[in-house]
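Engineer: Predicted model and sequence follow; I will ask about them next.
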Amino acid sequence: MANIRPVRGTHDLYGETIRRHRHVIDTGRDTARLYGYEEIATPIFEFTEVFERSLGDTSDVVTKEMYTFEDRGGDSLTLRPENTASVARAVISGGMLQALPLKLFYAGPMFRYERPQKGRLRQFHQIGIELIGAPEPEGDVEVIAMGAQILERLRIADKVTLEINTLGDPESRIAYREQLVSYLQDFRDRLSEDSRQRLERNPMRILDSKDEADRAIIREAPRLEEQLNQASLDFFQAVKDGLDELGIAYRLNDHLVRGLDYYTHTAFEFTTTALGAQGAVIAGGRYDGLVEEIGGPPTPGVGWAAGVERLALLATNEPAPPRPVAIIPIGSAAETEARKLAAELRHAGIAVELAFKGKPGQRMKRADRAHARFAISLGDEELKAGTVKLRDLDTKEEQTVDSREIPALLKR
RNA sequence: GUGGGCGUAGCUCAGUUGGUUAGAGCGCCAGGUUGUGGCCCUGGAGGCCGCCGGUUCAAAUCCGGUCGCUCACCCCA
């Protein structure tokens, strides 16, 4: 029996789990609507090049986490590990850059070849937004505010902390990186093995190392904020002021970094301590160099992605599903009438639970299990009189009513 | 890729120093109740004890391997 199973790191979603999942996505989508963001759905796979160019060929995602395969035509394709690159590609492909700024929302599955653990899967789901073509810090603020509002609406804002940092503009960041590398070179032998590799590939990541020895070295390292030019400082200040205006609390974290060159200015994460080792539930930042990197004109952008599974693990108080009405025919003559009534109610927008078979007692039990609010029963007597019995399953009150009144009665 | 924990019914789990037909609770199906649910009672279905091999008169139990799940590292949502 254990022979047939889903692929490692993938899950079937049903019942309670998918209800929570849907709740997260619906909340995100509706909140995006409030901010004027339009939904976009891109394919779940792209030419491999799209991700290689956008994520950089040294990043972990590209070097060991992509689901890459060759199709029958010999093209190298990759299941999307994240959606920002796809959206940027779509925006270029579709000529959408003519009308900036673009405000986009997406939801869908992403794929990374990793060992699964709590809050981490091979197929997982993200919702996200991208604000493309807005260079202003007000854009960063809007995007962060939307994330905060989604957390509020999910009623998990109290479990999550917003952390922000700035990487500065390209000039500041490049200057800092050189300074950091030259500092760290002196401690090369004392760095952890992981960090020695990061020194080549992604030195800013070392700032976020969990290794004790690394941390000691980092404490004395030059600070990015000391390298920021005035434009970068002004930008970051504007973002912070904007958050303050909206009453959005945040914590500065100067170890919060992004590795790739096209990331600029703001980096932020909404993190929690409630999900084991996976702290980030929403993560994003400004990526002013990305669109150009994958072949479009220089175009600024800012956005974030949120892990649906992670949010769903936190948002355990999703609303109860709406309760249907059960129809219970008694005797074969009533079956036809029951089906007609069910059709009528369903066309009136009322959810109906109608069992295909069973004795009245069994059907009543089924109604109960479907959490029906009312049970409508009808047998020979009712057929003759043109009535049905309407039973309130919570109070057990039962009344005989004219069957023509039913839709109106239930609509209330 | 590396390390820890765990694999017995759909689910949560018992199962003594190896010893007959492997159990419970919940859930499921049916009956008690041929026109009325939740509670109760009775009965039933459902297990290659993850898989392969070894030790033994005898293995769910001991040993080896393997597969899977899970948590953690790296990295990330």
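Structural biologist: Arrived safely, thanks for sending.

Engineer: measure A:Gly28 to RNA strand B for me?
Structural biologist: Counting by Cβ to the nearest atom of the strand, to the nearest Å, the separation of A:Gly28 from RNA strand B is 13 Å. Yep, even glycine has a C-beta here, placed from its N, CA and C like the rest.

Engineer: Over to A:Glu293?
Structural biologist: 16 Å.

Engineer: Tell me which helix or strand the residue of the stretch 151-300 of chain A found nearest RNA strand B sits in.
Structural biologist: When scored by Cβ to the nearest atom of the strand, the stretch 151-300 of chain A has A:Gly276 as its residue closest to RNA strand B, at 2.2 Å. According to DSSP states H and E, A:Gly276 maps onto no helix or strand at all.

Engineer: ok, and the closest non-adjacent residue to it?
Structural biologist: A:Lys118 (4.3 Å; Cβ to Cβ, 6 or more residues apart in numbering).

Engineer: doesn't A:Ala277 make contact with the one you found?
Structural biologist: Yes - using Cβ atoms under 8 Å, A:Lys118 is in contact with A:Ala277, at 7.1 Å.

Engineer: neighbour count winner among those two?
Structural biologist: A:Lys118 (12 against 9; other Cβ atoms under 10 Å).

Engineer: contacting residues for the more buried one?
Structural biologist: Going by Cβ atoms under 8 Å, 6 or more residues apart in numbering, A:Lys118 touches A:Leu275, A:Gly276, A:Ala277, A:Gln278.

Engineer: among those, which ones are buried?
Structural biologist: Among these, the ones that count as buried by 16 or more other Cβ atoms under 10 Å are A:Leu275, A:Gln278.

Engineer: I'd like the contacts of A:Lys118 written out as JSON lines, with pLDDT added.
Structural biologist: Listed next are the contacts of A:Lys118 as JSON lines, based on pLDDT from 0 to 100:
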{"residue": "A:Leu275", "pLDDT": "88"}
{"residue": "A:Gly276", "pLDDT": "85"}
{"residue": "A:Ala277", "pLDDT": "84"}
{"residue": "A:Gln278", "pLDDT": "82"}
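
Engineer: biggest separation within the contacts of A:Lys118, which pair?
Structural biologist: A:Leu275 and A:Ala277 (7.8 Å; Cβ to Cβ).

Engineer: nearest residue to A:Asp211 other than its sequence neighbours?
Structural biologist: A:Ser192 (4.1 Å).

Engineer: A:Gly242 now?
Structural biologist: Distance criterion Cβ to Cβ, 6+ apart; nearest residue to A:Gly242, sequence neighbours excluded, is A:Val141 at 3.3 Å.

Engineer: tell me the secondary structure for the one you found?
Structural biologist: Counting by DSSP: H, G, I helix; E, B strand; the rest coil, the backbone at A:Val141 sits in helix.

Engineer: Run a quick neighbour tally on it.
Structural biologist: 22.

Engineer: My read is that it contacts A:Leu243, right?
Structural biologist: Yes - A:Val141 lies in contact with A:Leu243 (Cβ under 8 Å); the separation is 6.0 Å.

Engineer: before we move on, back to that, please report the distance of the residue nearest to A:Gly276 from RNA strand B.
Structural biologist: 3 Å.

Engineer: I'd like the distance from that residue to A:Thr272, if you could.
Structural biologist: Between A:Lys118 and A:Thr272 the distance is 12 Å, computed by Cβ to Cβ, to the nearest Å.

Engineer: do A:Ala145 as well
Structural biologist: Taken as Cβ to Cβ, the span from A:Ala145 to A:Thr272 is 19 Å.

Engineer: Looking at these two, which is more packed in?
Structural biologist: The neighbour comparison of A:Ala145 against A:Thr272 (other Cβ under 10 Å) goes to A:Thr272, with 21 against 17.

Engineer: circling back: was I right about the residue of the stretch 151-300 of chain A closest to RNA strand B contacting A:Gly119?
Structural biologist: Yes - counting by Cβ under 8 Å, A:Gly119 is a contact partner of A:Gly276 at 6.6 Å.

Engineer: shouldn't A:Phe51 be in contact with A:Pro81?
Structural biologist: Yes - counting by Cβ under 8 Å, A:Phe51 does reach A:Pro81; the two are 6.3 Å apart.

Engineer: what residues are shared contacts of these two?
Structural biologist: A:Val61, A:Met66.

Engineer: Note down every partner strand of whatever helix or strand A:Gly128 lives in and its orientation.
Structural biologist: Under the criterion of DSSP H and E, A:Gly128 resides in strand A:123-132. Partner strands and pairing direction for strand A:123-132 (DSSP bridges) are strand A:102-111 (antiparallel), strand A:301-307 (antiparallel).

Engineer: Would you mark the buried spots in that strand?
Structural biologist: A:Gln123, A:Phe124, A:His125, A:Gln126, A:Ile127, A:Gly128, A:Ile129, A:Glu130, A:Leu131, A:Ile132.

Engineer: Could I get those in TSV, plus columns for distance to A:Ala385 and pLDDT?
Structural biologist: Output for the buried residues of strand A:123-132, formatted as TSV (distance: Cβ to Cβ, whole Å; pLDDT from 0 to 100):
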residue	distance to A:Ala385	pLDDT
A:Gln123	56	95
A:Phe124	57	96
A:His125	52	96
A:Gln126	57	97
A:Ile127	53	97
A:Gly128	58	97
A:Ile129	58	97
A:Glu130	62	97
A:Leu131	63	97
A:Ile132	65	97
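
Engineer: so which of these also contact RNA strand B?
Structural biologist: A:Phe124, A:Gln126 (Cβ under 7 Å from any atom of the strand).
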